Every structure is written in C-alpha cells, then in structure tokens.
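S.K.: Build me a model from this:
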Amino acid sequence: MIIIDNKFRTCLLFLALLTSCSNKKNNCLIINKEFISEWKIDSIGCLKYRYKLIEKNNINTTNFKNADFECIKSELGSPNITTIERNYITYYYYVTCKYAPINKFKHNSPKLTLNTEVSFLVLKVDRNNIIFDANFIVP
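M.R.: Numbers count the residues shown, from 1 in each chain. Take a look at the predicted model:
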C-alpha cells in the first residue's frame, strides 16, 4: 500500500494544473499568421491592409463574441483607443482611415488634421475580460 501525504498531493495537483494551463493553445481566431502580421503592420488602417484582410478572411463580429480579450489582443496587438465604463471596457481598433488635406493658415504654416474618417472594430469587454459585444463602425 502506497501512502501519499497532503504535501505530495498538493504538489501533484499543482503540477497537473500547470501542465493543463501550458497546453492551452494561444490561437483565438481562425486566421492565419499572415493575417496577424499584416494587421500589425497597418497599425492605424491607412495602408488598407486591415480592411482587405477582414474582407479576404470573412472576419465578422461573431469571430470575436465570447472570446477572451487578452487572447485577441495577443493576436491583434494593442487597441488604438480604450474607453472605460462602469461595468465594461471598450476597445477600438482602426480598420481604415482617411486623412484630411493639410489646411493652410497664416504665413502658409500647415496644420495637420488626423483621421477625419475612421472605420473601427469595436470590442466591448466585461469584467471577466470576455468580449460580449463586437461591431464594425463605418463613417
């Protein structure tokens, strides 16, 4: 008869949990690595990669609902804008952009106006870091 003390049981349980956590895949979306690298290159959407990738890969809002945001963030990178509400956080990723022309003022000094028309991927995340709402906002 083998006798196992409580310390040994605790160590076995810890090792089992550690092994099961390390075996989890980090893939959140059904997309390829090319998608992820091009998405990150087009960090503000002005290269039009993000828009083309969404169309090409048939990405829609159902791809994001009920997903763990940290996993999505590991693939898409940091969001461009974050707003914090009482019970949730909203993350915005630029999908497309359109710059306004340079406005000329006195003495021909240019003043840039950035992103006058932007399309967003909007992800609303609850307190458990789960995406409960996802939308595309197009101007």
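S.K.: What segments of this structure are helices?
M.R.: 6-22, 33-41, 49-56, 69-76 (DSSP state H).
S.K.: same for the third one, what does it pack against?
M.R.: Other elements packing on helix 49-56 under the criterion 3 or more C-beta pairs under 8 Å, 6 or more residues apart in numbering; DSSP states H and E are helix 33-41, strand 89-98. Any C-beta I mention is one placed from the backbone N, CA and C, and that applies to glycine too.
S.K.: Next, the angle from it to strand 89-98.
M.R.: Angle of helix 49-56 versus strand 89-98, following axes from the mean of the first three to the mean of the last three C-alpha atoms, to 10 degrees, is 100 degrees.
S.K.: Check which residues of helix 49-56 are buried.
M.R.: Y49, R50, Y51, L53, I54 (16 or more other C-beta atoms under 10 Å).
S.K.: I figured the third one was touching T96, is that so?
M.R.: Yes. Y51 lies in contact with T96 (C-beta atoms under 8 Å); the separation is 4.8 Å.
S.K.: what is in contact with these two at once?
M.R.: G45, S119 (C-beta atoms under 8 Å, 6 or more residues apart in numbering).
S.K.: where does the chain have low pLDDT?
M.R.: 1-31, 99-116 (pLDDT under 70).
S.K.: One more pass at 90, please.
M.R.: Scanning the chain for pLDDT under 90 picks out 1-40, 42-64, 74-76, 96-120, 137-139.
S.K.: Next, the contact list for L53, please.
M.R.: L53 neighbours (C-beta under 8 Å, 6+ apart): F35, E38, W39, I59.
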